[in-house]
Structure formats: C-alpha cells, structure tokens
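# structure for the following, please:
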Amino acid sequence: MAVGIFILGTLQVVGGVLVAFSAESAMHEILGAVSFGLGVISAALAIIIAKIDDYVKSR
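Numbering: from 1, shown residues only. Modelled structure (predicted):
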C-alpha cells in the first residue's frame with residue numbers, strides 16, 4: 001500500500017511541476033503549486049506508513 005501511495009504522490013509532484021512550468025495564467029501556477037505540495041505530502045505519508053508497518057512487523 002505504501003508503494004502505491006508513494007508512486008501516486010511522485011506522479012502528482014511531476015504533474016504539478018509540468019503544469020507550473022507550462023502555466024499560461026496565475027490559476028495554472030496555483031494549480032501546479034497545490035498539486036506539487038499535495039504530492040509531497042502524499043509521498044511523505046507513504047514513507048510514514050512504511051515505517052509504521054516495519055515497526056509493527058518487528059514487534
């Protein structure tokens with residue numbers, strides 16, 4: 001599950017960067033920044049889930 005969330009978060013970061021660089025208006029820049037930020041949060045969440053899963057398996 002953590003791998004899937006990490007992959008989706010990474011894709012969202014890449015999509016946000018692409019939208020921000022090809023932005024034609026301020027709305028597109030905002031959309032790219034929000035997508036980038038939520039992608040980073042999703043990737044971090046996947047790492048946290050993996051760490052918790054490792055901790056639970058080691059107990």
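# how about the contacts made by residue 35?
12-13, 15-16, 19 (C-beta atoms under 8 Å, 6 or more residues apart in numbering). C-beta here means a position set from N, CA and C on the backbone, and glycine is covered the same way.
# also residue 9?
Contacts of residue 9 (C-beta under 8 Å, 6+ apart): 39-46.
# list the buried residues in whichever strand or helix holds residue 27.
In this assignment (DSSP states H and E), residue 27 forms part of helix 26-58. By 16 or more other C-beta atoms under 10 Å, the buried positions in helix 26-58 come out as 31-32, 35-36, 39, 42-43, 46.
# which two of those residues have the greatest separation?
31 and 46 (22.5 Å; C-beta to C-beta).
# how near is residue 1 to residue 46?
For residue 1, the distance to residue 46 (C-beta to C-beta, to the nearest Å) stands at 8 Å.
# tell me the contacts of the residue nearest in space to the middle of the chain?
The centroid of the chain falls nearest to residue 39 when counting by C-alpha atoms, centre = their mean (2.0 Å). Going by C-beta under 8 Å, 6+ apart, residue 39 touches 9-16.
# same thing but 10 Å
Residue 39 sits next to 8-17 when contact means C-beta atoms under 10 Å, 6 or more residues apart in numbering.
# cool, residue 12 as well?
By C-beta under 10 Å, 6+ apart, the neighbours of residue 12 are 34-43.
# test my guess that residue 21 contacts residue 15.
No. Using C-beta atoms under 10 Å as the test, residue 21 is too far from residue 15 to be in contact (11.0 Å).
# hang on, the earlier thing: so which of the buried residues of helix 26-58 comes closest to residue 25?
For the buried residues of helix 26-58, the nearest to residue 25 is residue 31 (9.6 Å; C-beta to C-beta).
# before we move on, back to that, more neighbours: which of residue 21 and residue 15?
Neighbour comparison, residue 21 and residue 15: the larger count goes to residue 15, with 15 against 10 (by other C-beta atoms under 10 Å).
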